[in-house]
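Engineer: only geometry, no sequence info:
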């Protein structure tokens, strides 16, 4: 089965080449001499684990490993380390904490944790520090009853779903195949199946964590840690090396896009808000994208996903699609019956290859799809040069049910993602990126000026300086700070939520 998306034919899931995913690094690591020149304090790590994969700046492979797989968001790290076992993770964290034998007491190295590398604000790279790249921790093991699956912290969504499909099961994932499953899930886990199955964090059954001092902790041994990991576990308390998650019978789904002229955005969003949004069914997971479509022009697109319940067929999904289409004069419709794995791959087509390109992101939050938001979209069209795209992440449905077992505010909201990038050869401070920033900042400013902006409602799409008390609530924020003090009192993992450390 093939889709046509944004003017391009997308391949069947069976045709996807391995290189299309952010595969784990296979290149030769730095030599001892290279490491001695670039980061001599890491030689102790090499002595304790001679086979560990370390890439320093002198290595001919460093640039490739650092850029893979996403945009250029931060300065160069000093080294990238790709552990292949919990033992190696433990050594890296002890070294970064200044706890390895022979290190100066109290010495520390900045450290960032990277899975898929999709963090919108550059938190998966530490300038002049260590990037701990988890992609070699890529185990996937199905339980005997196929009710749960063990997922290593380096597994990508585009690897997980095809594996599960072979067993006739499924688990919710994020918005494209190269997103690391663990980071997405532990930070909340909102995506195109959230309305039907809840947040990714709610499906976690157990987890294993390596702490800053190198200890290995199982979530079964600390229920409070288990609570905190499910919603605030993406790099705050340690490095999660594996998760066990729930699986579900693979559903029947409809997937694709319905496109309208962007000039009609006010009427389309107003009609959706006034006629459909309040009674939106859990089966419908629909986000909106505004972007230039090759050969067509700028469009307002409904990313349409209908997930049938149980043994239901897709009749209701086709009927609801016609209600969306009737909101205006649709000029594109690619809706078709598909599978979760196939549809996930089509989402990659929304973006071109940005590996190594400078980019910029803002993520305002609003309560509803309003006429005012539609007016802003129509009045500030996307750029014709470079690449800029706007989109909403509409959190609703099953995820709205209060769930005190997770550290997650289960509230309906819409996170707007404004993403822009130039070409790989362009500089972050060049004229091309100036245009991108002006469009994004202008749009975010329009949302603020219209009085429809809300405080951030999804940590993974928010800057690091979030107000923990407002986001999680004062009670849960206190619990998270207590966990931070227990497992990372010295704040080695400062990159994730700096406001958690007191």
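Structural biologist: Looks like it arrived, so ask away. Keep in mind it's a predicted model, so treat the numbers as computed, not measured.
Engineer: Confirm that residue 224 lies within a strand, as I assumed.
Structural biologist: No: Residue 224 is assigned helix when assessed by DSSP: H, G, I helix; E, B strand; the rest coil, not a strand.
Engineer: Report pLDDT for it.
Structural biologist: The model reports residue 224 with a pLDDT of 98.
Engineer: Contact partners for the residue lying closest to it once chain neighbours are set aside?
Structural biologist: Once flanking residues are discounted, residue 224 sits nearest to residue 483: 6.4 Å by C-beta to C-beta, 6 or more residues apart in numbering. To be clear about C-beta, it is placed using only N, CA and C from the backbone, and glycine gets the same treatment. Counting by C-beta atoms under 8 Å, 6 or more residues apart in numbering, residue 483 touches 224, 225, 228, 236, 237.
Engineer: if I pick residue 444, what's in contact with it?
Structural biologist: For residue 444, the contacting residues are 362, 364, 418, by C-beta under 8 Å, 6+ apart.
Engineer: Narrow those residues to those in strands?
Structural biologist: Mapping the contacts of residue 444 onto strands (DSSP state E) picks out 362, 418.
Engineer: burial count for the spatially closest residue to residue 185 that is not a sequence neighbour?
Structural biologist: In this structure, residue 185 finds its nearest non-sequential neighbour in residue 200, 3.8 Å apart by C-beta to C-beta, 6+ apart. Neighbour count of residue 200, defined by other C-beta atoms under 10 Å: 30.
Engineer: Would you list the phi and psi of residue 200?
Structural biologist: Torsion angles at residue 200 (phi, psi; degrees, to the nearest 10) stand at phi -60, psi -40.
Engineer: hang on, isn't it packed against residue 188?
Structural biologist: Yes: with contact defined as C-beta atoms under 8 Å, residue 200 reaches residue 188; the gap is 7.0 Å.
Engineer: What are the phi and psi values at the residue nearest to residue 224?
Structural biologist: According to degrees, to the nearest 10, the main-chain angles of residue 483 amount to phi -60, psi -40.
Engineer: Quick one: residues contacting the most centrally placed residue in the chain.
Structural biologist: Closest to where the C-alpha atoms of the chain average out (C-alpha atoms, centre = their mean) is residue 184, at 4.6 Å. Residue 184 makes contact with 116, 118, 157, 173, 174, 191, 200, 460 under the criterion C-beta under 8 Å, 6+ apart.
Engineer: Can you give me the neighbour number for the fifth one?
Structural biologist: Read it as residue 174. Residue 174: 28 surrounding residues under other C-beta under 10 Å.
Engineer: Over to the fourth one?
Structural biologist: Around residue 173 there are 26 other residues, counting by other C-beta under 10 Å.
Engineer: Could you shift the numbering so residue one becomes 807, and keep it that way?
Structural biologist: Yep, numbering from 807; the last one is residue 979 now.
Engineer: List the residues that contact it.
Structural biologist: Taking C-beta under 8 Å, 6+ apart, we find residue 979 in contact with 963, 966, 967, 985, 987, 990, 997, 999, 1006, 1146, 1150.
Engineer: can you tell me which of these lies nearest to residue 1103?
Structural biologist: Of all the contacts of residue 979, residue 1103 sits closest to residue 1150, with 26.6 Å by C-beta to C-beta.
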